[in-house]
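Peer 1: I need the structure of the sequence given here:
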Amino acid sequence: MSTRQHVEILPPHPLRAGYDRALERGSIADEFQRRLEPACFNPRYLGALTGRVEQALAADPADEGMRWRLAFLLLQNNATEAAVERAEELLAGATLPRARRLAHLVAGIRSRADRPRAARRVRRVNWSINNRCPMSCQGCYNPFAAEQIDLAQARRIVEKLAAHGTTDLVLAGGDPLLWPPIFDVVDHAVASGLKVGLDTTGYTLTAEKLDRLRGLSSLRLPLDAVTADVQRAFRRSPDTELLQALVGSLALCDAEGFDRVRVHTVASAENLHQLPELAAEVFSHPSVAQWVIFQWWGRRASPATVRRLGVEVEEVREAVEKIRPDFPGREIHLAESSERELLNWMIQSSGQVVTFGAGAEEEFILGNLLTDEVEEILTHPILDFEAMSRGIPVTPGTLFGPPEGG
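Peer 2: Numbers count the residues shown, from 1 in each chain. Have a look, this model is predicted:
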């Protein structure tokens with residue numbers, strides 16, 4: 001299989017509902033909506049913006065929109081217990097729908113406040129290690145960072161995770177295969193005792209690269225359709241032969257005897273009817289050990305995109321349950337969007353650690369592994385260890401037990 005065109009883009013952000021480019025540039029409203037852009041989602045930007053919002057709220061304490069903004073910023077920027085309590089106060093009696101949603105999220109955080117955090121361990125870590133990708137998928141919810149760490153920094157992060165006792169590491173992006181040091185990072189992580197999964201588009205996968213990845217516990221490859229138009233439209237690729245390229249990456253794994261492939265399929269209204277045919281394609285490849293169907297999650301998408309792609313979980317469940325009897329003994333997982341809130345402990349390409357809720361703009365900075373220890377980050381009040389325990393291990397055929405630490 002020949003190498004595909006080496007396309008590298010920092011996907012356009014923000015990709016969320018309500019972004020208004022007509023707002024006065026530099027106004028509080030404009031800077032608030034820009035806070036999730038890759039160059040802005042960091043403690044310095046959020047801290048400066050918090051100061052501006054504090055001043056505006058002091059001038060008009062009854063401004064509910066400004067109270068909501070301040071509460072959001074307090075939660076997003078390395079929140080402390082005191083910050084969560086103040087956010088709760090700011091949102092008391094909220095009438096705006098967006099403020100009521102945030103108050104609901106805060107209530108969940110507060111309900112976990114008395115649960116022990118000492119001796120907790122984060123077992124599975126997602127690492128968006130590269131901030132470039134050859135695609136810009138519909139509703140992409142990855143909080144890309146503008147900064148890109150180097151190999152030496154990546155090695156230090158691996159060592160922190162291993163020393164902490166993390167067992168499962170998912171290297172993703174963007175597309176990690178577009179970052180040349182990725183093979184050294186994989187080797188270092190495996191040598192450190194971590195089980196490593198790698199999420200890639202497979203777009204530039206070759207036999208040589210696959211040989212460098214033999215130490216992986218799983219290689220994750222996407223396939224969302226059996227027709228070229230649906231596949232290309234969802235992944236928003238300029239390549240008219242995208243479907244052929246994705247199926248070709250699976251065929252390459254077959255030919256090279258790499259039998260630890262996990263196929264990712266995003267189920268939406270546009271491909272739900274294709275799932276039975278897609279199942280046949282997926283399991284026709286001897287390299288495939290696991291198939292995970294994700295209910296499409298439109299947390300960053302526009303209302304029009306949500307209306308077009310959104311699908312009720314009951315419909316996805318029904319489709320998956322009809323497929324299972326045709327493939328007895330095969331490992332099929334359904335990842336429902338409601339189960340993914342606060343599930344991810346994600347390292348960005350800058351070293352910053354984030355998690356995210358189900359609602360628009362709900363991305364929360366937890367710390368930074370270039371400066372913080374894992375154990376410090378795990379004291380963050382927003383973390384939901386029960387949600388985190390629902391993650392699927394990187395090794396096919398295994399499941400995590402109950403959350404550790406009680």
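Peer 1: use CA for all of it now, contacts and neighbours both
Peer 2: Noted.
Peer 1: what about the strands in the stretch 1-150 of the chain?
Peer 2: If DSSP state E, counting those that start in this stretch is used as the criterion, the strands of the stretch 1-150 of the chain fall at 124-128.
Peer 1: can you list the domains in this protein?
Peer 2: 28-111, 124-388 (automatic domain parsing).
Peer 1: so which of these gets nearest Arg117?
Peer 2: Nearest to Arg117, of all those, is domain 124-388, at 6.1 Å by Cα to Cα.
Peer 1: could I get the average pLDDT for that closest one?
Peer 2: Domain 124-388 shows a mean pLDDT of 93.
Peer 1: isn't Ile332 up against Phe294?
Peer 2: No: Ile332 is beyond contact range of Phe294, at 10.9 Å (criterion: Cα atoms under 8 Å).
Peer 1: SS state for Arg220?
Peer 2: State at Arg220, reduced to three classes by DSSP: H, G, I helix; E, B strand; the rest coil: strand.
Peer 1: mind putting the domains of the chain into TSV with mean neighbour count?
Peer 2: What follows is the domains of the chain, written out as TSV (neighbours: other Cα atoms under 10 Å):
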stretch	mean neighbour count
domain 28-111	18
domain 124-388	19
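Peer 1: CSV for those, including distance to Phe400?
Peer 2: Formatted as CSV, the domains of the chain follow (distance: least, Cα to Cα, whole Å):
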stretch, distance to Phe400
domain 28-111, 23
domain 124-388, 10
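Peer 1: right, and these - which one's nearest Asp20?
Peer 2: domain 28-111 (7.9 Å).
Peer 1: how far does that closest one sit from its chain's centre?
Peer 2: The chain centre lies 22 Å from the centre of domain 28-111; the measure is Cα atoms, centre = their mean, to the nearest Å.
Peer 1: what's the mean pLDDT across it?
Peer 2: pLDDT averaged over domain 28-111 gives 95.
Peer 1: what about the helices in the stretch 1-150 of the chain?
Peer 2: Taking DSSP state H, counting those that start in this stretch as the test, the helices found in the stretch 1-150 of the chain are 28-33, 43-59, 64-76, 81-90, 97-111.
Peer 1: which residues are in contact with Ala279?
Peer 2: The contact partners of Ala279, by Cα atoms under 8 Å, 6 or more residues apart in numbering, come to Ile323.
Peer 1: if I look at it, how far off is Val311?
Peer 2: The spacing between Ala279 and Val311, counted by Cα to Cα, to the nearest Å, is 19 Å.
Peer 1: ditto for Ala387
Peer 2: Computed with Cα to Cα, the distance linking Ala387 and Val311 is 22 Å.
Peer 1: got it, and Leu90?
Peer 2: Note on Leu90: its distance to Val311, by Cα to Cα, is 34 Å.
Peer 1: for Asn131, same thing?
Peer 2: Note on Asn131: its distance to Val311, by Cα to Cα, is 28 Å.
Peer 1: ok, now Cys40?
Peer 2: 32 Å.
Peer 1: ok, Leu23 to Phe32 distance?
Peer 2: Leu23 sits 11 Å away from Phe32, taking Cα to Cα as the criterion.
Peer 1: where do the contact lists of the two overlap?
Peer 2: The contact lists of Leu23 and Phe32 share no entry, where a contact means Cα under 8 Å, 6+ apart.
Peer 1: tell me what the nearest residue to Leu223 once chain neighbours are set aside is bridged to.
Peer 2: What sits nearest to Leu223 in space, not counting adjacent residues and going by Cα to Cα, 6 or more residues apart in numbering, is Thr265, at 5.4 Å. Note on Thr265: beta-bridge partners by DSSP bridges are Ile293.
Peer 1: identify the residues contacting Glu31.
Peer 2: 25, 49.
Peer 1: same thing but at 10 Å, please
Peer 2: For Glu31, the contact set (Cα atoms under 10 Å, 6 or more residues apart in numbering) comprises 23-25, 40, 45-46, 49, 52.
Peer 1: how about Glu281?
Peer 2: Shown in contact with Glu281 (Cα under 10 Å, 6+ apart): 223, 225-226, 247, 275.
Peer 1: in the stretch 201-350 of the chain, which spans are strands?
Peer 2: Assigned by DSSP E, counting those that start in this stretch, the strands in the stretch 201-350 of the chain fall at 218-222, 261-267, 288-295, 332-335, 346-347.
Peer 1: what's the fourth one packed up against?
Peer 2: Read it as strand 332-335. Here strand 332-335 touches strand 261-267, strand 288-295, helix 313-323, going by 3 or more Cα pairs under 10 Å, 6 or more residues apart in numbering; DSSP states H and E.
Peer 1: that strand: how far from the chain's middle?
Peer 2: On the basis of Cα atoms, centre = their mean, strand 332-335 sits 16 Å off its chain's mean C-alpha point.
Peer 1: what's that strand in contact with?
Peer 2: Strand 332-335 has contacts (Cα under 10 Å, 6+ apart) with 262-267, 279, 289-296, 313, 316-317, 320-321, 323-324, 390-392.
Peer 1: now the helices for the stretch 251-400 of the chain?
Peer 2: With DSSP H, counting those that start in this stretch as the criterion, the stretch 251-400 of the chain has helices at 275-282, 303-309, 313-323, 374-377, 385-388.
Peer 1: list the contacts of the third one.
Peer 2: Counting by Cα under 10 Å, 6+ apart, helix 313-323 makes contact with 267-269, 272-277, 279-280, 293-296, 332-338, all of which sit outside it.
Peer 1: thought Pro222 was touching Arg232?
Peer 2: No: with contacts defined as Cα atoms under 10 Å, Pro222 does not count as touching Arg232, sitting 11.8 Å away.
Peer 1: overlap in contacts of the two?
Peer 2: In contact with both Pro222 and Arg232: Leu243, using Cα under 10 Å, 6+ apart.
Peer 1: what's near enough to touch Leu275?
Peer 2: Leu275 neighbours (Cα under 10 Å, 6+ apart): 224-226, 265, 267, 281-282, 293, 316, 319-320, 322-323.
Peer 1: I'd guessed His380 sits against Arg120; true?
Peer 2: No: with contact defined as Cα under 10 Å, His380 does not reach Arg120; the gap is 11.6 Å.
Peer 1: what's the residue closest to the geometric middle of this structure?
Peer 2: Asn142 (5.0 Å; Cα atoms, centre = their mean).
Peer 1: quick one, phi/psi of it?
Peer 2: Per-residue torsions, Asn142: phi -70, psi 120 (degrees, to the nearest 10).
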